[in-house]
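# I'd like to go over a predicted model; first the sequence, then the structure.
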Amino acid sequence: MNKDFKQTSRSGSLAWLLQRISAVILFILLMLHFVTYHFLGKGKPVNYHWVMSKVGNWWFPLLQFMFLITALYHGLNGLWSVLEDYTTSKTWRLVWYSLLLTVGVVLLFVGTLTIIKLYTLKIA
């Protein structure tokens, strides 16, 4: 399949823009994550008990979930952009897309379960 400029510019411009937006959001969340773990700890080592003391706050699981969503989207969208550039066969594009979608859903499921499990352990 030969792609010309018109095919790629229409389908890729939104993905390009969302990649940049997700990078900015990811950077902000990374800074919040860094501040939460390193500055709010007041020099104490980050261990299981310290993390569990923070999990009870409403903002901590929310921050972790937003970080998970943004990192997954940014990483998988970037990988899809690279694969799309180098894969010319429609069949292989479908295979790659299906694989990335499956990996994304599985990682989102496992990550969300982990966040929920930590939060419910703290509340119980």
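Thanks, I have it.
# List the buried residues of the longest helix seen in the chain.
The helix that spans the most residues within the chain, counting by DSSP state H, is helix 90-123. By 16 or more other Cβ atoms under 10 Å, the buried positions in helix 90-123 come out as 96, 100, 104, 108, 111, 115, 118, 119, 122. Any C-beta I mention is one placed from the backbone N, CA and C, and that applies to glycine too.
# which one of those residues is nearest residue 64?
Of all the buried residues of helix 90-123, residue 115 has the smallest distance to residue 64: 5.1 Å, by Cβ to Cβ.
# ok, now how distant is that closest one from residue 80?
For residue 115, the distance to residue 80 (Cβ to Cβ, to the nearest Å) stands at 25 Å.
# ok so, going back, reformat the buried residues of helix 90-123 as TSV; add distance to residue 18 and pLDDT.
Output for the buried residues of helix 90-123, formatted as TSV (distance: Cβ to Cβ, whole Å; pLDDT from 0 to 100):
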residue	distance to residue 18	pLDDT
96	19	94
100	15	96
104	14	97
108	17	97
111	20	96
115	23	89
118	29	82
119	28	80
122	33	67
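# Identify the farthest-apart pair in the residues you listed.
For these, the farthest-apart pair by Cβ to Cβ is 96 and 122; their separation is 39.1 Å.
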